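J.: the following comprises the amino acid sequence and a computationally predicted model.
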Amino acid sequence: MFMEHLSNGIALGSIYALTAIGFTMVYGIIRLINFAHGDVYMIGAFLTYTGLTLFNMPIALAFLFGMAGASIFGIAIAKFAYSPVFKAPKINLFLSAVGMGIFLENFAMLIWGPETQSFPTVINNKVFSFLGIRVNTIQLIILGTTIVLVAILTYIVQYTRIGRAMRCVSQDMDVSRLMGINTNKIVYFTFGLGSALGAAAGTLVAIYYKAAYPMMGYVPGLKAFIAAVIGGIGSIPGAMLGGIIMGVSESLGAGYISSGYRDAIAFIILIIILILKPEGLLGKGIKEKV
């Protein structure tokens with residue numbers, strides 16, 4: 001039973017990790033907690049659903065369609081919701097993020113309806129046993145997809161020109177602008193990339209549970225934010241670690257304590273981490289003049 005809960009937790013943690021990376025990338029660039037990110041996760045799932053049902057796309061193409069569409073949504077959010085208030089007090093950005101989340105939820109209700117949509121069965125879900133561990137096809141796909149996407153993200157951030165620009169902007173936007181970096185382009189690219197990863201997570205969850213609905217991103221988005229804080233907000237490896245910790249803890253807690261405490265476990269872990277290591281497991285403390 002332990003190994004089965006562990007495998008479930010790793011699959012769930014992979015979802016949290018993908019979503020948390022989107023939070024931490026945006027925070028690393030513009031110091032904004034994008035609370036609309038969970039709803040972009042939901043939009044990605046619905047766009048994939050539309051590709052499958054309306055355009056009869058194969059699952060791989062529909063998956064990419066959902067990621068690309070959510071990326072466009074992310075860029076539009078950055079341009080039209082955040083850019084006009086970027087230099088305003090932080091509370092303005094926070095309220096814009098909350099308002100954008102509400103807008104996306106109502107937009108989804110308008111386009112796809114308020115009821116739960118049944119996601120098509122696109123994968124033959126078989127169960128495999130290996131060394132006492134029982135895993136199914138979808139769990140393996142979730143883990144494999146997460147590894148591939150994180151590897152692509154790591155390559156982009158570490159080895160490409162735009163990735164170097166992202167790291168430069170995350171350290172000091174004003175100096176980056178003086179060095180000739182188009183900081184607006186970097187901000188939009190970061191939003192687009194983070195939104196694509198969130199959409200991938202939303203689609204994988206919709207495939208796993210065979211359902212998509214307008215509020216599906218609220219709780220996962222909140223837990224992904226907690227995962228980002230646990231790992232160290234602004235740190236991509238920290239977001240991955242925090243996601244896995246969250247998923248495994250939640251699965252083991254539900255299995256050995258009670259499923260009723262599934263959501264509470266996330267907040268208990270958050271409180272412990274904030275007390276013991278406020279900057280997160282892999283985060284770095286930053287000194288600011290006040």
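T.: Perfect, thanks for sending it.
J.: contacts, neighbours, all on C-alpha from now
T.: Fine.
J.: so where do the helices sit in the stretch 51-200 of the chain?
T.: Secondary structure of the stretch 51-200 of the chain by DSSP state H, counting those that start in this stretch: the helices cover 59-77, 90-112, 137-159, 161-171, 173-178, 183-209.
J.: pick the most deeply packed of these.
T.: Ranked by mean neighbour count under mean count of other CA atoms under 10 Å, the helices of the stretch 51-200 of the chain are led by helix 183-209, which reaches a mean of 25.
J.: ok, back up a step: make TSV from the helices of the stretch 51-200 of the chain and add mean pLDDT to it.
T.: Shown next, in TSV, are these (pLDDT from 0 to 100):
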stretch	mean pLDDT
helix 59-77	97
helix 90-112	93
helix 137-159	94
helix 161-171	93
helix 173-178	91
helix 183-209	95
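J.: and residue 199, what does it touch?
T.: 40, 41, 42, 43, 44, 45, 66, 67, 70 (CA atoms under 8 Å, 6 or more residues apart in numbering).
J.: the nearest residue to it once chain neighbours are set aside: which element?
T.: Nearest residue to residue 199 in three dimensions, chain neighbours excluded: residue 44, at 4.0 Å (CA to CA, 6 or more residues apart in numbering). Using DSSP states H and E, residue 44 falls within helix 37-53.
J.: measure residue 104 to residue 276 for me?
T.: 36 Å (CA to CA, to the nearest Å).
J.: about what we covered before: can I get the helices of the stretch 51-200 of the chain in JSON lines with distance to residue 218?
T.: Formatted as JSON lines, the helices of the stretch 51-200 of the chain follow (distance: least, CA to CA, whole Å):
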{"stretch": "helix 59-77", "distance to residue 218": "16"}
{"stretch": "helix 90-112", "distance to residue 218": "9"}
{"stretch": "helix 137-159", "distance to residue 218": "20"}
{"stretch": "helix 161-171", "distance to residue 218": "27"}
{"stretch": "helix 173-178", "distance to residue 218": "30"}
{"stretch": "helix 183-209", "distance to residue 218": "11"}
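J.: out of those helices, the one nearest residue 25 is which?
T.: Across the helices of the stretch 51-200 of the chain, residue 25 has its closest neighbour in helix 183-209 (6.7 Å, CA to CA).
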